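Visitor: sequence and predicted structure are below.
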Amino acid sequence: MNEHINFAFFDEGSKREIRRATLKAVAIPGYQVPFASREMPIARGWGTGGLQLTLSCILPEDHLKVMDQGSDESVNAISIKNLITSTTGVQITQDTGQATLIQSRHRIPEVPLSAGQILVLQVPTPEPLRHVEPRERLTKKLHAEAEYSGAWLMLFEQIMKYGRMATGADHPVRTAGRYVMAPSPIPKFDNPKMDHSEALILLGAGREKKIYAVPPYTSVVSLDFEDVPFEAESFAGKKCCLCGAEHVYLDEILEADGTVRYQCNDTSYCLNRRSRREEN
């Protein structure tokens, strides 16, 4: 830890302000709470909202995991880990089960999260109604009136055009039977993981200055229709070429000779499976 910088980078007043907004978000699942987004030593749009949540929640005894689109070793993940460790001295882990605090971009880990863990998701666009209403004042009114026909209209237009709901990621969800929220650009495959999750899920958008949350054991239902139910990506009949995992989110890799192979998107999950297989 850098002794010339305050623990977790921020001054204590800034951390208290972010924590107050976070507590309000936890108390009202799915509701977007405005907060005074701070200037960070990384550009807005590179995870400043999630990073501010992590820095305001982290404790010296925490074990931190940072992943970016399934990888623990991407440039973005490494840069965030370097900043956090240099200002806190906390231990870093790639093992989801050992982590007490997980910051992620575009994925929820394959290993089911447990009670006591906190998952922080980076969010570029927190407003699920932004595509139908650009004015913030009116989107707030729509949320207050629970008027979400615009979200269903977007999905209906996709069905009419493509024959299915074509949201590859960031498929809107209804939280605790009330607020419709953007789950961050996670693939539809990860949406069911939010439903009644044992872990606390925090979502932060630094550029948009919003924090929202999904408390543990909260209902999270992906929007759909009675005659067109929600369907996540299917990898039936496919498995990871490295660890043999099935029923996980897989990356499709095209080889130079034209053959296609599949590999776990969650790299630490894949490494742990291979390590256990070698030990046995």
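Guide: Great, that's in hand.

Visitor: quick one: low-confidence parts of the stretch 151-280 of the chain?
Guide: 280 (pLDDT under 70).

Visitor: which parts of it are helices?
Guide: For the stretch 151-280 of the chain, helices defined by DSSP state H, counting those that start in this stretch occupy the ranges 191-194, 267-279.

Visitor: make JSON lines from these and add mean neighbour count and distance to H143 to it.
Guide: Where C-beta positions appear, they are placed from N, C-alpha and C, glycine not excepted. Output for those, formatted as JSON lines (neighbours: other CB atoms under 10 Å; distance: least, CB to CB, whole Å):
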{"stretch": "helix 191-194", "mean neighbour count": "21", "distance to H143": "19"}
{"stretch": "helix 267-279", "mean neighbour count": "15", "distance to H143": "35"}
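
Visitor: for V123, find the nearest of the ones you listed.
Guide: Smallest distance to V123 across those (CB to CB): 13.3 Å, for helix 191-194.

Visitor: surely K24 touches F35?
Guide: No - at 9.2 Å, K24 and F35 do not qualify as touching, with contact defined as CB atoms under 8 Å.

Visitor: thinking again about what came up before, of the helices of the stretch 151-280 of the chain, which is nearest S234?
Guide: With respect to S234, and counting by CB to CB, the nearest of these is helix 191-194 at 12.8 Å.

Visitor: using CSV, write out every CA atom in the closest one.
Guide: Provided in CSV are the C-alpha atoms of helix 191-194 (Å, rounded to 0.1, in the frame of the first residue of the first chain):
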residue,chain,number,x,y,z
ASN,A,191,-29.3,-12.9,-16.3
PRO,A,192,-30.7,-15.9,-14.4
LYS,A,193,-27.7,-15.8,-12.1
MET,A,194,-29.0,-12.5,-10.6
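
Visitor: can you lay out the helices of the stretch 151-280 of the chain as CSV showing distance to E255?
Guide: CSV is the format used below for those (distance: least, CB to CB, whole Å):
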stretch, distance to E255
helix 191-194, 30
helix 267-279, 18
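
Visitor: these: which one's closest to M181?
Guide: Closest to M181 of the helices of the stretch 151-280 of the chain is helix 191-194 (CB to CB; 9.8 Å).

Visitor: tell me the helices and strands packed up against the closest one.
Guide: Packing partners of helix 191-194 (3 or more CB pairs under 8 Å, 6 or more residues apart in numbering; DSSP states H and E): strand 220-222.

Visitor: K24 and F35: which has the busier surroundings?
Guide: F35 (24 against 16; other CB atoms under 10 Å).

Visitor: you'd agree the more buried one is up against L23?
Guide: No - F35 is beyond contact range of L23, at 11.3 Å (criterion: CB under 8 Å).
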